[in-house]
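# pasting the sequence and the predicted coordinates here, then a few questions.
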Amino acid sequence: MKQILSKSTQDIFSKDVIIFVFQIGAVAFTLSTLFVWYSWEGLSSFIASYLSWIPWEWLQTSGAKVMTFGLAYMIFIVVVAILTSFYSEKLLIKLAKKHYPDIEVIGTAEISTSILLTLKASVIFLILFIVLLAFIFIPIVGQIVLLYLWSVLLREPTFYDVSALFISDKKVLKAKKKKTRLLAMIASLFNYIPILNAFAPVFAQILFLHHILGKEEV
């Protein structure tokens, strides 16, 4: 684990990764802002109705505003994850060649499969986010719930995007996938910091890259 974290931390602050994240973050911010701008009233109304069980009207109103901003933030995170999944292949190969020069690229992530897994994870994430919304505001419990939710968004698409490049053996894939939940949650810590949250999906990919190709077990 120490080796995975050390190499991944070194990579995340490299020039190539920073430029990639800046580009993805800019596009994701534009797309999510446009979406939220045109659907703000609908989102606010939905959340207000969700909070209708609260007996205090002032808390319903203020809570709806806070949660609408929170949902907008989650939408940005989802868009960043989707774009990273689609455009990170060249970056991953470059990083793999840097650390593991003898490794061979045996395939590529199929766009259709990648889109399906990403959309599936995004839908599950948003559904769970709405269902577990009340728990998010409970100290400590809320932070754990958020990390788990973010790991749901990252784990499946990230594992596929990375493993499809280097591994075809199903037994190896199954063994490597077992311990990826923790790595996804570690990468999700970036989501607690606005702006830096754009690094979360690519950091997850880098962590998975070193987990899959490295000799040390998680």
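Cool, got the structure.

# tally of neighbours for Ser32?
Ser32 sits with 19 neighbouring residues when counted by other Cβ atoms under 10 Å. In short, each C-beta sits where N, CA and C put it, glycine included.

# now it, nearest residue through space, not along the chain?
Phe76 (4.2 Å; Cβ to Cβ, 6 or more residues apart in numbering).

# do Ile186 as well
Leu207 is the one closest to Ile186 (Cβ to Cβ, 6+ apart), at 6.6 Å.

# got the contact list for that neighbour?
4-5, 8, 183, 186-187 (Cβ atoms under 8 Å, 6 or more residues apart in numbering).

# looking at it, Phe199 is touching Phe190, isn't it?
Yes. If you go by Cβ atoms under 8 Å, Phe199 and Phe190 touch, sitting 4.8 Å apart.

# who has more neighbours, these two?
Phe199 (25 against 21).

# which pLDDT value belongs to the more buried one?
Here, the pLDDT recorded for Phe199 equals 92.

# again, but for the one 4 residues further on
Phe203 carries a pLDDT value of 94.

# again, but for Lys65
Lys65 is given a pLDDT of 62.

# ditto for Glu57
For Glu57, the predicted pLDDT is 56.

# next, give phi and psi for Ile138.
phi -90, psi 120 (degrees, to the nearest 10).

# and if you look at the one 10 residues further on?
Summarising the backbone geometry of Tyr148 under the convention degrees, to the nearest 10, its torsions are phi -60, psi -40.

# report how many residues lie close to it.
Using other Cβ under 10 Å: Tyr148 sits among 15 other residues.

# tell me how far it lies from Met185.
With distances taken as Cβ to Cβ, to the nearest Å, Tyr148 is found 7 Å from Met185.

# low-confidence ranges, the protein, go.
40, 43-44, 46-68, 216-218 (pLDDT under 70).

# just checking, what's the longest helix in it?
Taking DSSP state H as the criterion, the chain has its longest helix at helix 15-50.
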